[in-house]
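Asker: Model the following, please.
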Amino acid sequence: MRILVIMLLGFACVEASAAVTCEQLAEVAFATQKLRDEGYSLTAVLAETDKLEASNKFTAPDLVIIRGIVDKAFKDGGRMPHELLQSCKDQKRR
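Answerer: Purely as a prediction, here's the structure:
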């Protein structure tokens, strides 16, 4: 859980008005998969994202995206962080 907590503390430095970056979303996916592989449940990982909501550092739409990434990364295969990063960057170019 330390990885996700450290990652989330890093997110806390981002102002609420700033959108979550592609790199941050990829890090969320990577940390989620690492926690899954260490035996943490999806419920436990999602509980950590609730701390972000309590901090009021992210907008509601950002939190929906983050929770969706956690859910998908937990359930999907190992390439998800890389694919997410590439897809996100491609969408921002459009």
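
Asker: From T49, how far off is the residue nearest the centre of the chain?
Answerer: Geometric centre of the chain, nearest residue: V28, 3.0 Å, by C-alpha atoms, centre = their mean. In this view, V28 and T49 are 9 Å apart by C-beta to C-beta, to the nearest Å. Placement of C-beta: from N, CA and C, glycine included.

Asker: Now the common contact residues for these two.
Answerer: By C-beta atoms under 8 Å, 6 or more residues apart in numbering, V28 and T49 have these common neighbours: 66, 70.

Asker: that older thread, enumerate every residue touching the residue nearest to the centre of the chain.
Answerer: Applying C-beta under 8 Å, 6+ apart to V28 gives the contacts 7, 66, 69-70, 73.

Asker: Within the helices and strands, which one has it?
Answerer: helix 22-37 (DSSP states H and E).

Asker: After that helix, which helix or strand is next?
Answerer: Downstream of helix 22-37, the next assigned helix or strand under DSSP H and E is helix 42-55.

Asker: got the angle for that next one vs helix 22-37?
Answerer: Orientation of helix 42-55 against helix 22-37 (axes from the mean of the first three to the mean of the last three C-alpha atoms, to 10 degrees) gives an angle of 140 degrees.

Asker: now for helix 42-55, which elements pack on it?
Answerer: helix 2-11, helix 22-37, helix 60-75 (3 or more C-beta pairs under 8 Å, 6 or more residues apart in numbering; DSSP states H and E).

Asker: which residues touch L63?
Answerer: Applying C-beta under 8 Å, 6+ apart, the residues contacting L63 are 49, 52-53.

Asker: could you measure it against D90, distance?
Answerer: 23 Å.

Asker: mind showing which ranges of the protein have poor pLDDT?
Answerer: Residues of the chain meeting the criterion pLDDT under 70: 1-18, 77, 94.

Asker: can you rerun that using 50?
Answerer: Under the criterion pLDDT under 50, the flagged ranges of the chain are 6, 9, 11-17.
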